[in-house]
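>>> Sequence plus predicted model, see below.
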Amino acid sequence: MKALIIVDVQNDFLPGGSLEVSRGDEIIPIINHIQKDYNLVVATQDWHPENHKSFASQHPDKLPFEQIDLDGLAQILWPDHCIQGSYGAEFADELNTDRIEAIFRKGMEERIDSYSGFFDNGKRKDTGLSGYLKARGVTEVHVCGLAADFCVYFTALDALTEGFKTSIISKATKAIDKGAFIEKKNNFIQNGGLLT
Ligand code: VGL
Ligand code: ZN
């Protein structure tokens with residue numbers, strides 16, 4: 001059984017959003033088109049409280065994209081994004097959500113960020129995604145969405161360690177920082193991941 005994981009295709013990550021990924025909108029028709037090729041489609045949704053400590057606005061002396069230590073973990077500070085219930089947190093209007101059977105929300109805990117759809121960045125909590133996929137008989141996952149160098153990458157890496165045959169679909173993802181994604185992509189491949 002093969003599942004598609006659609007990562008964070010939310011307004012704030014699209015052009016015009018607060019943490020926009022350049023040309024992020026171009027992947028939506030592709031994601032809509034490929035969903036039919038999977039036995040199961042699930043999605044993740046970045047879902048932060050308004051005082052989330054990954055937001056630069058919560059640290060008066062810091063600017064977006066600076067890095068801090070947050071309870072022992074390196075944390076990049078982001079513009080406010082994907083605030084629970086806001087328009088920016090909604091899935092893109094153009095995304096076809098009819099086949100999405102389950103949505104795994106992440107990033108609700110105030111003091112820890114959560115890039116992967118499986119675990120938070122400190123591996124303190126499991127979202128239940130791995131167990132859900134296994135209970136549904138899934139052995140192979142394909143990961144798409146935004147952003148390639150953060151939530152897609154970390155979701156794909158955790159999928160590998162959870163024992164799934166894992167691919168990142170290149171044409172259905174876009175990076176915040178293309179250069180950084182090349183390095184991360186190589187690391188993913190070294191860990192047994194596939195790029196299609
Ligand atoms: C993401 C940064 C912060 C992502 C989420 O979806 O890639 N990146 N929160
Ligand atoms: Zn976030």
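Cool, the structure landed. Ligands and ions are numbered 1, 2, ... in the order given.
>>> Residue numbers of the chain in contact with ligand 1?
Taking CB under 6 Å from any ligand atom as the contact definition, the chain meets ligand 1 at 8, 13, 46, 78, 115, 146-147, 150-151. Just so you know, the C-beta spots here come from the backbone N, C-alpha and C atoms, and that holds for glycine as well.
>>> can you rerun that using 5 Å?
Residues of the chain lying close to ligand 1 by CB under 5 Å from any ligand atom are 8, 46, 78, 147, 150-151.
>>> Out of those residues, which end up buried?
Among these, those scoring as buried are 8, 46, 78, 147, 150-151 (criterion: 16 or more other CB atoms under 10 Å).
>>> got the CA positions of the lengthiest helix in the chain in CSV?
With secondary structure taken from DSSP state H, the chain has its longest helix at helix 178-190. Output of helix 178-190 as CSV, limited to C-alpha atoms (Å, rounded to 0.1, in the frame of the first residue of the first chain):
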residue,chain,number,x,y,z
LYS,A,178,17.2,26.0,-2.8
GLY,A,179,20.9,25.7,-2.0
ALA,A,180,20.1,24.3,1.5
PHE,A,181,17.7,21.8,-0.1
ILE,A,182,20.5,20.4,-2.3
GLU,A,183,22.5,19.4,0.8
LYS,A,184,19.5,18.1,2.6
LYS,A,185,18.4,16.1,-0.5
ASN,A,186,21.9,14.4,-0.6
ASN,A,187,21.6,13.5,3.1
PHE,A,188,18.1,12.1,2.5
ILE,A,189,19.5,9.9,-0.4
GLN,A,190,22.4,8.8,1.8
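>>> Go through that helix and flag the buried ones.
Applying 16+ other CB under 10 Å to helix 178-190 flags 181, 184-185, 188 as buried.
>>> Kindly report the same for stretch 1-15.
Buried-residue list, stretch 1-15, by 16+ other CB under 10 Å: 3-14.
>>> and what of stretch 115-128?
Buried residues in stretch 115-128 (16+ other CB under 10 Å): 115-121, 127.
>>> same thing with stretch 124-140?
Neighbour-count burial for stretch 124-140, counted by 16+ other CB under 10 Å, picks out 127, 129-130, 132-133, 138, 140.
>>> what about stretch 154-166 and ligand 2, touching?
No. Using CB under 5 Å from the ion, stretch 154-166 stays clear of ligand 2, coming no nearer than 11.4 Å.
>>> could you dump that stretch to CSV, C-alpha only?
C-alpha atoms of stretch 154-166 as CSV (Å, rounded to 0.1, in the frame of the first residue of the first chain):
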residue,chain,number,x,y,z
PHE,A,154,12.1,16.3,7.9
THR,A,155,8.8,14.4,7.3
ALA,A,156,10.6,12.3,4.6
LEU,A,157,13.6,11.6,6.9
ASP,A,158,11.3,10.4,9.7
ALA,A,159,9.4,8.3,7.3
LEU,A,160,12.6,6.5,6.5
THR,A,161,13.5,5.9,10.1
GLU,A,162,9.9,4.6,10.7
GLY,A,163,10.7,1.9,8.1
PHE,A,164,8.7,3.2,5.1
LYS,A,165,10.1,3.1,1.6
THR,A,166,10.2,6.8,1.0
